[in-house]
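Asker: just to be clear, the model below is a prediction. Sequence and coordinates:
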Amino acid sequence: MRGIPGLKRLRLKIWRRCTLVLLLLWAACWMVVSALLFLLHRSVFSERCTDEKSHRILARLCLDYSSGALTGDLCEDLCVAQKLVYKHCLYYDRGKKVIQADWRGRPIILKSKKEIFSSYQHLSMLEEVETQDIPETELLLMVAVEVKNVLGLELSNNTMGPLWTRKKGPRWKAQVASMWSLLQQEEYIYFSLLQDFSKHVLRIIGSCGHFYAVEYLTAGHAWHKTLFPLENVVGPSLAGHRSRVRAIIDIALSFLDMVQHFDNDFSHRLHLCDIKPENFAIRHDLTVVAIDVDMAFFEPKMRDILEQNCTGDEDCNFFDCFSKCNLKIRKCGAQRANNNLQVICDKIFRRWFSPNLRGPLVSLPLQLQLQKAVQECAEPGYVDAAGHQRTLKSLSELYHLLRVTQRELQRTE
């Protein structure tokens, strides 16, 4: 009978050791699985932006051009005359390729949502009939349908000039196929439609197949002291404190012009849902330019995106665009609760007009007024008439204070 307690102790000891071994085994397996998932995540969602890979992408593009699969007004310069020369890769992001090049001595940016031409949806009509026999009115109708699918906008035939510039002739089939690949890229459609109406979007220079070229501008960065590299626009010789302050005021006014323009000058309001310095650039005349509009939506599309099922307001947030949750019907409101101005005040103006950026160039009372106006502007709004009036008041007040600041700076020169 005395041996039984000893046996129990032995069993308990063995059980503890087995438990410890199992725990260690589980931890080891967890670490291995986590490492594999991490490596998988990196390989799937992030690509290394290398010169070698970029050269291969452009070589494949030229191979498709030489085979007659695609065409464009820049293909000859890129693939034959060597007047469009690769410089370096800027970034790859979720399939999107952005490459810097030099075209006839001018820096440009080449963009495509996908790497390979054949990755885009093929237009089956090209195989079913002779391409020359397709009426242009039918092609324009297909363009209109694609624009409606992408942007949620109804466009008339006379509005689609920038999207359909191809004329029947040699390589007609390749022209239509190339156009169709470009129309599957939201950003290309935005830039094409808006470049004749807005100074606040990138200008399209040309295209080759599924790649389109835009003007080269240096993007902003959140880590930059002034958010944008002002020496690129005011010049190294004018990059003193006074010139920087004057440039910031001018750029802030251009941001306000852009807000008013996107709110009022199109048939529908244009919402920017990813507002950060990296998505904007500054031209030499200090005009603000939206250089990445992958997350920009006209009002009809915005309403479709926001109107989702919800259990709380947090379910109604779509990046920088959000609405309110109606708990009775558990549905997000279709109307955006905040606006472009509020987000710009919050993410950009706060950095420029914070207390730690005060200086002797502008009077302290004016600095404090401007700081207060920015803080009030950055507060989340409400979906009602009072909220709209508050936005208009903030816009008017900021315009006034920035122009007064401009005059003060001019008087002290």
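Answerer: Sure thing, it's come through. Numbering: from 1, shown residues only.

Asker: what segments of the chain are helices?
Answerer: Using DSSP state H, the helices of the chain run over 3-45, 51-66, 75-79, 125-128, 136-151, 172-183, 186-194, 231-234, 241-264, 299-306, 340-344, 350-352, 364-378, 385-411.

Asker: what's the neighbour count on the closest residue to K97 other than its chain neighbours?
Answerer: Nearest residue to K97, sequence neighbours excluded (CB to CB, 6 or more residues apart in numbering): S112, at 5.1 Å. From N, CA and C alone the C-beta is placed, and that goes for glycine too. By the criterion of other CB atoms under 10 Å, S112 has 27 neighbours.

Asker: which residues touch S112?
Answerer: When contacts are counted by CB atoms under 8 Å, 6 or more residues apart in numbering, S112 touches 96-97, 185, 210-212.

Asker: could those go into JSON lines alongside distance to W172, pLDDT and neighbour count?
Answerer: Formatted as JSON lines, the contacts of S112 follow (distance: CB to CB, whole Å; pLDDT from 0 to 100; neighbours: other CB atoms under 10 Å):
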{"residue": "K96", "distance to W172": "29", "pLDDT": "91", "neighbour count": "17"}
{"residue": "K97", "distance to W172": "27", "pLDDT": "95", "neighbour count": "23"}
{"residue": "Q185", "distance to W172": "21", "pLDDT": "94", "neighbour count": "22"}
{"residue": "H210", "distance to W172": "18", "pLDDT": "98", "neighbour count": "28"}
{"residue": "F211", "distance to W172": "20", "pLDDT": "98", "neighbour count": "30"}
{"residue": "Y212", "distance to W172": "20", "pLDDT": "98", "neighbour count": "25"}
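
Asker: circling back: closest to L90 out of the helices of the chain?
Answerer: Of all these, helix 51-66 sits nearest to L90, with 9.3 Å by CB to CB.

Asker: shouldn't Y120 be in contact with M179?
Answerer: No. Using CB atoms under 8 Å, Y120 is not in contact with M179; the gap is 10.9 Å.

Asker: closest to R48 out of the contacts of S112?
Answerer: Using CB to CB, the contacts of S112 come closest to R48 at K97, 12.3 Å.

Asker: please tell me how far that closest one sits from E115.
Answerer: Using CB to CB, to the nearest Å, K97 is found at 6 Å from E115.

Asker: and Q342, by the same measure?
Answerer: Distance from Q342 to E115, by CB to CB: 37 Å.

Asker: returning to that earlier point: need the contacts of S112 in JSON lines with distance to R203, can you?
Answerer: Formatted as JSON lines, the contacts of S112 follow (distance: CB to CB, whole Å):
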{"residue": "K96", "distance to R203": "19"}
{"residue": "K97", "distance to R203": "20"}
{"residue": "Q185", "distance to R203": "16"}
{"residue": "H210", "distance to R203": "19"}
{"residue": "F211", "distance to R203": "16"}
{"residue": "Y212", "distance to R203": "11"}
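
Asker: buried sites along the longest strand along the chain?
Answerer: Among the segments of the chain that qualify as a strand by DSSP state E, the longest is strand 84-93. By neighbour count with 16 or more other CB atoms under 10 Å, strand 84-93 contains the buried residues 84, 86-87, 89-90, 92.

Asker: mind checking how far it is from the chain centre?
Answerer: Chain-centre distance of strand 84-93: 17 Å, with CA atoms, centre = their mean, to the nearest Å.

Asker: and that strand, what does it pack onto?
Answerer: Applying 3 or more CB pairs under 8 Å, 6 or more residues apart in numbering; DSSP states H and E, one finds that strand 84-93 contacts helix 51-66, strand 96-103, strand 106-112.

Asker: what about D77, distance to G209?
Answerer: Distance, D77 to G209, using CB to CB: 13 Å.

Asker: just give me the closest of the buried residues of strand 84-93 to F191.
Answerer: So of those, ranked by how close each gets to F191 (CB to CB), first place is L90, at 16.8 Å.

Asker: so who does the closest one touch?
Answerer: 49, 98-100, 109.

Asker: include neighbour count and pLDDT when you put those into TSV, please.
Answerer: Formatted as TSV, the contacts of L90 follow (neighbours: other CB atoms under 10 Å; pLDDT from 0 to 100):
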residue	neighbour count	pLDDT
C49	16	87
V98	18	95
I99	24	97
Q100	15	97
I109	19	97
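
Asker: D292 contacts E187, doesn't it?
Answerer: Yes. The pair D292 and E187 qualifies as a contact (CB under 8 Å) at a distance of 7.3 Å.

Asker: and for the residue nearest the centre of the chain, nearest residue in space, chain neighbours not counted?
Answerer: By CA atoms, centre = their mean, the mean C-alpha position of the chain lies nearest to D292, the distance being 3.3 Å. Of all residues not flanking D292 in the chain, N279 sits nearest, at 4.3 Å (CB to CB, 6+ apart).

Asker: sorry, back to before: which residues does the residue nearest to the centre of the chain contact?
Answerer: Contacts of D292 by CB under 8 Å, 6+ apart are 187, 219, 274, 278-279.

Asker: of those, select the buried ones using a PyMOL command.
Answerer: In PyMOL, a selection of the buried entries from the contacts of D292 looks like this (16+ other CB under 10 Å):
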select buried, resi 187+219+274+279
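
Asker: so which of the helices and strands packed on strand 84-93 is nearest I329?
Answerer: Across the helices and strands packed on strand 84-93, closest to I329 is strand 96-103 (CB to CB), at 36.8 Å.
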